Structures are given as C-alpha cells and as structure tokens.
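Undergrad: build me a model:
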Amino acid sequence: MKIIETEDPASKQTITDKKIINIEQIRNLNNINPVIKFCIFVAERINYKKIVLITSNYKKNILEENFENSFPLIIIQSENYFDLDDSLWSNLSEFLEKVPYAILFIHIPNLINRNSTDKENVINKITKTLTYHGVTIDHIGWSYQTYGQSGLLISLTSYTEMPLIPPKDFKVTALLAVRNEEDIIKEIVDYLTNQGVAVYIIDNWSTDNTIKNIEQMIGNKIIGFEKWPKDKQTSYFSLEGILKRKEELAQELDADWFMNYDADEIRESPWKNTTLREAFWRVDKRGFNAVDFTLLNFRPIDNSFKYGNSLIEHFKYCEFGNRPGHFRQLKAWKKQSIKVDLLSAAGHRVYFQNQKIFPYKFLTRHYPLRNQAQAEKKIILDRINRLDPEALKRGWHSHYKNYDLGRDVIKRKENLINFTNNFHFNYLIERLTGIGIIHDSFLNLETELNHMPFIADEPKKIIKDLEQEILFYAQSNSWKITRPLRKLFHFIKLKRK
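TA: Numbering: from 1, shown residues only. Next up, the predicted model:
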C-alpha cells in the first residue's frame, strides 16, 4: 500500500511508516486533531484501546497485519489523489474483511477555497472509485482545520447490510409526550409514520386543538393514546411521572426498538435515503442496542411561521445544542427483558445493563420555538407557571427560568447555520460525534470576565472583540474555532500569572 508522507495529527510529527496511539494516553490532551478525536470517539464505542495510523512508506503488507482491538486510520496526502494506484483501493476492500470500521482521510489541498460544485465532484468521484472496488462507505464528509490538513473524511465499514430492508415484523415505536403543540403535531405524526415508526401518544392534558388535530389518526398511525395523569390535570407538570410511564410502556408494548420522543422533534437517520426504521434495523444487525443523537435547535428568524406551515420547509437556520443535556441524548434503545431507566437522567439518556451504544449519532432537529407568540405561550403558560418545585430542586427545567423572551426567540440568521443540502457533508464530525460543538460554558464568557478584577478596560475590550469572533465561528466548521479560542485563553492565562 503506497501512501504519501504526512503528519501525525496527534503529535504534529512526520510519520513515514506506522504509528500506534494508545487512546488512554492522549484522550485528555489539548489541541488533538479533530480527525484523531473522531477516531477516539468511534474506537471507544466499539471497545478498542488503540488507533493505528497508516501513512507513507509502509513497507509491510497491510493485509498481513494484526489489527485486533485497534482502530485503523489511513491517511493519504497526494496532489493527485484521483490517480493513485488501483491496488490501494483493492487492498482496502480486502482489508475491511478484517476490521468492522476504518477511517480513510484524504488531504485535499486548498479545500477552504473550493466551491460547492468542485467539492461535490470530489465526493462523487471518490465514492464512485471506492464503490467500484467493493469498498463500503458508511459516511463521507469534510474536515476543515486551521492547524494540520483539511480534507475528506471517509468512514469505511465491513458491514454490507444485505438485505437492507428490515422484515415486516420489525417494529420501532416512538413514545411521544405532548402538551399544546397544535401547530405541529400532525406533521410530526405523519413524519414518523413515513419513517416506518409507530406512534404512542401520552397527552399531558392539552388545552388547545392538539388532540382534535390527530384524533382521526388514533387506531392507525397512532397505535395507542392516553392522557397522563389518567384522572385529571395537575397543577404542576410532572416529568417524573411521564418518564415512569414511558418506562412501563417500553415493557408492555410489542416493539423491537423504542424512542423517547418529544412532540417538537424530527429525528433522522445518519445515512442518506434511509428511514429511521431501516436505520435501527441496521444498528440492530451490527450488534448494538442503543443510539444517541446530536441535537440541532432550529430558530425563527422572523414571526412568519403560521399554523399549517411545514417545519421542515419553513425553518432553514439552526445551531447545535450547547447545554449539558444536549450532549446526553441517548434516547433510542432495543427492547430489554427488564425495565429500562429513563428517570435518572431526566429523560436525556436511557440506562440498562449491557448497553452497547452505536458508534455514530443520529440527528435530532428540534423546533421548540416557532414564533414570538408561540414562544411566550409555551415558556410562560405551559412551562414556567407549571414547573414542579421538586423537579427544580433536582436541577431539572432550570433553563426555562433563564429565557429572555425579548432576546432568545427571534435570531439573526447571520449567527446561525444555514441548513442546506451540504450540511451533512460540511458538519460530518460534529453531526456523527458531537466533537467540535461549543459548550455553553464557552459562549457565556462575558459574565465571568466582568467579574475578573485583574482585567483592565482595554484588555476587556480585546476580549470582547475575541468573544464576538468566537460567537461568529462557533456555529461554523470546526477548523474555524481553534484560533480565537486559543488566543482568548492564552491571553487570560498570561493575565493570571
């Protein structure tokens, strides 16, 4: 296998043969290349302890190497990556018979300046080449980096999933809790049905037309319906009670997989042209029993959303969820012989014994606020006025009390991600692993900085300018965030000395 010389993305040293990286030794290091972080994420989910970098001048026959419990990362750096020897691609096909997953990284010179058409042509040509040689592509997309090399990141797999269509008796059910979502509930149920997912509704005593809008679906698209609590509405919203009921339903209902689902969500498979039902079948056949999700919050940029509008068609701008709970979205699981635990993590993740989480995350499109009037009604009437004091003591629902309705509803599109057809390629690493998404602790620096007495007015202005740069880049491709963050924290570190 002939691979051109490149750099080790973890140590920035030139590698001319093969390098074995012990994950335990580098997991907590700063400034690790995003491609290495991606490999660590996937490797740990399949219980591998090492990453093997295969680069240039690799003299041994790769097919004779032992990669047991090691995750392969193959790096190609070549100006003429389309003209590489066919034996490279053929060897990859045979190589994948020995490992379930591998990552292929192809350095693409001057990537940031290439237009969408050029990048699409690169992806199409590489895909065609790999497919021709019998190499199965699991996922493909871009990795943009300031330090190191930008390029094409390709997740390869030995799984062929034939047949891809699940058997007729394979069932996926969404346990969907709802209260006062009349403007979107029908679209959500229709979407899930088209994804091959059955819907079980738990209504928390909606006071609008939510139930009227779906009553014709009960008994066909909606396999079950109940009000909770059963007898009457209570003064407070009890998340605990609803989660316990979902735990019971996951034992009672006849289904192979379940999703803990909210009425303002649209979940999607990580694979193109694959329904949720087909995706869970694929996960099941690979031997995994739990799936987590990357969360995208879609934001209104005006008040034009109206009853009857399509969520998918109307909302085009979004941002990655950045609250702590947004990074714990383990909300789909294979049916277990004993009751699962949704309560311990407030529904953000499911717990059960012998959990095997699928390496790649699915996607959740979240539409909590659709216009100013709906947001005010939801947050004030349906949330803040009904928060359970006991739940607040646990730290649940606290984000509702921090909403500024004059600032946090309508967003400027310049500060959001434009969700186009290129999103899945441009945000591959963030989408599949959550790596590169900025935690809200980074986005709330101003409050902390104002309480740092060692910072004079002029340095504060410098930091504020840097903070604006961070905010601008935070929702951009992962390569863009490195420079302003490093500048800011380096500055603070110096000032503390």
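
Undergrad: now the host helix or strand of residue 211, how far from the centre of its chain.
TA: Element membership for residue 211 (DSSP states H and E) is helix 210-214. Relative to its parent chain, helix 210-214 has a centroid offset of 31 Å by C-alpha atoms, centre = their mean, to the nearest Å.

Undergrad: helices or strands up against it?
TA: helix 185-194, strand 198-203 (3 or more C-beta pairs under 8 Å, 6 or more residues apart in numbering; DSSP states H and E). All C-beta atoms are positioned from the backbone trio N, CA, C, and that covers glycine.

Undergrad: past that helix, which element shows up next along the chain?
TA: Going down the chain from helix 210-214, the next helix or strand is strand 222-227, by DSSP H and E.

Undergrad: what's the angle between the helix or strand just after that next one and strand 222-227?
TA: Using DSSP H and E, the helix or strand that follows strand 222-227 in sequence is helix 239-252. On the basis of axes from the mean of the first three to the mean of the last three C-alpha atoms, to 10 degrees, helix 239-252 is oriented at 140 degrees to strand 222-227.

Undergrad: so what touches helix 239-252?
TA: Residues outside helix 239-252 that contact it (C-beta atoms under 8 Å, 6 or more residues apart in numbering): 175, 177, 200, 202, 204, 224, 228-229, 258, 260, 333, 335-336, 339-343, 346-347, 388, 390-391, 396-397.

Undergrad: which of these count as buried?
TA: Buried members of the contacts of helix 239-252, scored by 16 or more other C-beta atoms under 10 Å, are 175, 177, 200, 202, 204, 224, 228, 258, 260, 333, 335-336, 340, 342-343, 346-347, 388, 391, 396-397.

Undergrad: restricted to helices, list those.
TA: residue 391 (DSSP state H).

Undergrad: you'd agree residue 201 is up against residue 223?
TA: No: taking contacts as C-beta atoms under 8 Å, residue 201 lies outside contact range of residue 223: 9.1 Å.

Undergrad: compare the two (neighbour count), which wins?
TA: residue 201 (25 against 18; other C-beta atoms under 10 Å).

Undergrad: list the buried residues for stretch 319-332?
TA: 319, 320, 321, 322, 325, 326, 327, 328, 329, 330, 331, 332.

Undergrad: next, the distance between the ends of it.
TA: Length of stretch 319-332, first residue to last, C-alpha to C-alpha, to the nearest Å: 22 Å.

Undergrad: buried deepest among the helices and strands packed on helix 210-214, which one?
TA: strand 198-203 (a mean of 22; mean count of other C-beta atoms under 10 Å).

Undergrad: out of the buried residues of stretch 319-332, the closest to residue 26 would be?
TA: residue 327 (20.8 Å; C-beta to C-beta).

Undergrad: circling back: compare the helices and strands packed on helix 210-214 and give me the one nearest residue 233.
TA: Residue 233 lies closest, by C-beta to C-beta, to one member of the helices and strands packed on helix 210-214: strand 198-203, at 10.3 Å.

Undergrad: sheet partners, orientation included, of that closest one?
TA: When pairing is defined by DSSP bridges, strand 198-203 lines up against strand 172-178 (parallel), strand 222-227 (parallel).

Undergrad: which residues sit against that strand?
TA: 171-179, 189, 192-193, 210-211, 214, 217-218, 221-228, 242, 245-246, 249, 253, 255.

Undergrad: now the residues you listed: which count as buried?
TA: Of the contacts of strand 198-203, these count as buried by 16+ other C-beta under 10 Å: 171-179, 189, 192-193, 210-211, 214, 217, 221-225, 228, 242, 245-246, 249, 253, 255.

Undergrad: what ranges do the helices span in the stretch 351-497 of the chain?
TA: 372-376, 389-393, 423-426, 428-433, 440-443, 445-450, 457-474, 482-496 (DSSP state H, counting those that start in this stretch).

Undergrad: what's the answer for the stretch 51-200 of the chain, then?
TA: 86-95, 116-132, 185-194.

Undergrad: looking at those helices, which is nearest to residue 49?
TA: The minimum distance between residue 49 and the helices of the stretch 51-200 of the chain falls on helix 86-95, with 19.8 Å, by C-beta to C-beta.

Undergrad: so which other helices or strands are in contact with the closest one?
TA: Partner elements for helix 86-95 (3+ C-beta pairs under 8 Å, 6+ apart): strand 70-77, strand 101-107, helix 116-132.

Undergrad: pLDDT below threshold where in the stretch 101-250 of the chain?
TA: 146-148, 161-163 (pLDDT under 70).

Undergrad: columns distance to residue 104 on top of the strands paired with strand 198-203, output as a markdown table?
TA: Formatted as a markdown table, the strands paired with strand 198-203 follow (distance: least, C-beta to C-beta, whole Å):
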| stretch | distance to residue 104 |
| --- | --- |
| strand 172-178 | 31 |
| strand 222-227 | 42 |
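
Undergrad: wait, which of these is closest to residue 125?
TA: strand 172-178 (35.5 Å).

Undergrad: now that closest one and helix 185-194, what's the angle there?
TA: Going by the same axes, to 10 degrees, strand 172-178 makes 170 degrees with helix 185-194.

Undergrad: off-centre distance for strand 172-178?
TA: With C-alpha atoms, centre = their mean, you get 20 Å for strand 172-178.

Undergrad: what of stretch 95-106?
TA: With C-alpha atoms, centre = their mean, you get 22 Å for stretch 95-106.

Undergrad: quick one: end-to-end length of it, please.
TA: For stretch 95-106, the end-to-end distance is 17 Å (C-alpha to C-alpha).

Undergrad: got the buried residues for it?
TA: Those would be 95, 96, 98, 99, 101, 102, 103, 104, 105, 106, for stretch 95-106 by 16+ other C-beta under 10 Å.

Undergrad: same check on stretch 292-312?
TA: Quick answer for stretch 292-312 (16+ other C-beta under 10 Å): 292-301, 305, 309, 311.

Undergrad: report the mean confidence score over it.
TA: What stretch 292-312 shows for mean pLDDT is 96.

Undergrad: alpha carbons only: can I get that stretch in PDB?
TA: Only the C-alpha atoms of stretch 292-312 are listed here, as PDB (Å, rounded to 0.1, in the frame of the first residue of the first chain):
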ATOM      1  CA  ASP A 292     -27.800   8.600  20.800                       C
ATOM      2  CA  PHE A 293     -28.400  11.800  18.900                       C
ATOM      3  CA  THR A 294     -26.800  15.100  18.000                       C
ATOM      4  CA  LEU A 295     -29.200  18.000  18.600                       C
ATOM      5  CA  LEU A 296     -29.900  20.900  16.300                       C
ATOM      6  CA  ASN A 297     -32.100  23.700  17.500                       C
ATOM      7  CA  PHE A 298     -33.900  25.300  14.600                       C
ATOM      8  CA  ARG A 299     -34.600  29.000  15.300                       C
ATOM      9  CA  PRO A 300     -37.100  31.500  13.900                       C
ATOM     10  CA  ILE A 301     -35.500  34.500  12.100                       C
ATOM     11  CA  ASP A 302     -38.900  36.300  12.000                       C
ATOM     12  CA  ASN A 303     -42.500  35.700  13.000                       C
ATOM     13  CA  SER A 304     -43.700  34.300   9.700                       C
ATOM     14  CA  PHE A 305     -44.300  30.700  10.900                       C
ATOM     15  CA  LYS A 306     -48.100  30.000  10.900                       C
ATOM     16  CA  TYR A 307     -50.400  27.200  11.800                       C
ATOM     17  CA  GLY A 308     -50.200  24.700   8.900                       C
ATOM     18  CA  ASN A 309     -46.700  25.600   7.700                       C
ATOM     19  CA  SER A 310     -44.200  22.700   7.400                       C
ATOM     20  CA  LEU A 311     -41.400  22.700  10.000                       C
ATOM     21  CA  ILE A 312     -39.000  21.100   7.500                       C
END
